[in-house]
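Visitor: fold the stuff below for me.
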Amino acid sequence: MTFTKKMMTATAALALTAGAAFADAHAMNPMVGGAEMSVEKNIVENAVNSADHTTLVAAVQAAGLVETLSGEGPFTVFAPTNAAFDRLEAGTVEMLLKPENKDTLAKILTCHVVGKAVMAEALQGMINDDGGEHPVPTLGGCVLQASYADDKMKLVDENGNAAFVTIADVKQSNGVIHVIDGVMLPKQ
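Guide: Predicted coordinates for the structure are as follows:
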């Protein structure tokens, strides 16, 4: 076989391997809210496609955080579902979405964001290394306590409110989303 033919064969094999890896990355990203989550899209671009996160998207827009969460990152977002927001006291979401409450809303939302990409396996390792509970400092200044209960990752905010990760490791171009079933609140 000539050198050129060997190079073409090697290049074709590399292209097939890269293509398979790319396809595997897409196949491994879980669906969220009935929508495919593309690893090529950022956190906001993917969230707007999830039927389970319309309240979160509206809140991110009202808080003026679209540009931030579309930015380079990396970020980890613990993303509450619509059902999580529905569990708040009646009228809370509507009140928070008002322009005069933008700062409060931004504080609440950034208590769901970590300034680096943390996959579930890495966080589980930190929980194990710390004897079953690991503090997770957020960009909003809140510290969430991560642990495991009933084989599920559990987060507890500074008020004792708990949420479980229902879908982990949703890879984004600028980080990762972990879907949660509760809303984390700053210390009150």
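Visitor: isn't V143 up against P135?
Guide: Yes: with contact defined as C-beta atoms under 8 Å, V143 reaches P135; the gap is 5.1 Å. Where you see a C-beta, it was placed from the backbone N, CA and C, and this is true even at glycine.
Visitor: ok, and the closest non-adjacent residue to L96?
Guide: Take L96 and drop its neighbours on the chain: the residue closest to it by C-beta to C-beta, 6 or more residues apart in numbering is L105, 4.6 Å away.
Visitor: quick one: contacts for the one you found?
Guide: A59, A62, A63, L96, L97 (C-beta atoms under 8 Å, 6 or more residues apart in numbering).
Visitor: out of those, which are buried?
Guide: Burial by neighbour count, 16 or more other C-beta atoms under 10 Å: within those this picks out A59, A62, A63, L96, L97.
Visitor: for V179, see how far away A106 is.
Guide: 21 Å (C-beta to C-beta, to the nearest Å).
Visitor: just K98 next, same as before
Guide: Taking C-beta to C-beta, one finds K98 at 26 Å from V179.
Visitor: same deal with P186?
Guide: Following C-beta to C-beta, the distance that separates P186 from V179 is 21 Å.
Visitor: give me the more crowded residue out of the two.
Guide: V179 (24 against 16; other C-beta atoms under 10 Å).
Visitor: quick check: beta-bridge partners of that one?
Guide: A79, I167 (DSSP bridges).
Visitor: and G160, how many neighbours?
Guide: Quick note: G160 (other C-beta under 10 Å) scores 8 neighbours.
Visitor: average pLDDT across stretch 39-59?
Guide: The pLDDT scores in stretch 39-59 average 91.
Visitor: returning to that earlier point: closest one of the contacts of L105 to N174?
Guide: For those, the residue nearest N174 by C-beta to C-beta is A63; the value is 17.7 Å.
Visitor: you'd agree the residue nearest to L96 is in a helix?
Guide: Yes: residue state for L105 (DSSP: H, G, I helix; E, B strand; the rest coil) corresponds to a helix.
Visitor: picking that back up, ok, V143 and P135, which is more surrounded?
Guide: V143 (14 against 10).
Visitor: show me the contacts for the more buried one.
Guide: Counting by C-beta under 8 Å, 6+ apart, V143 has contacts P135, V136, P137, E158.
Visitor: mind checking how far I108 is from E40?
Guide: Counting by C-beta to C-beta - I108 and E40 are separated by 29 Å.
Visitor: for I177, that is, sorry about that
Guide: 14 Å.
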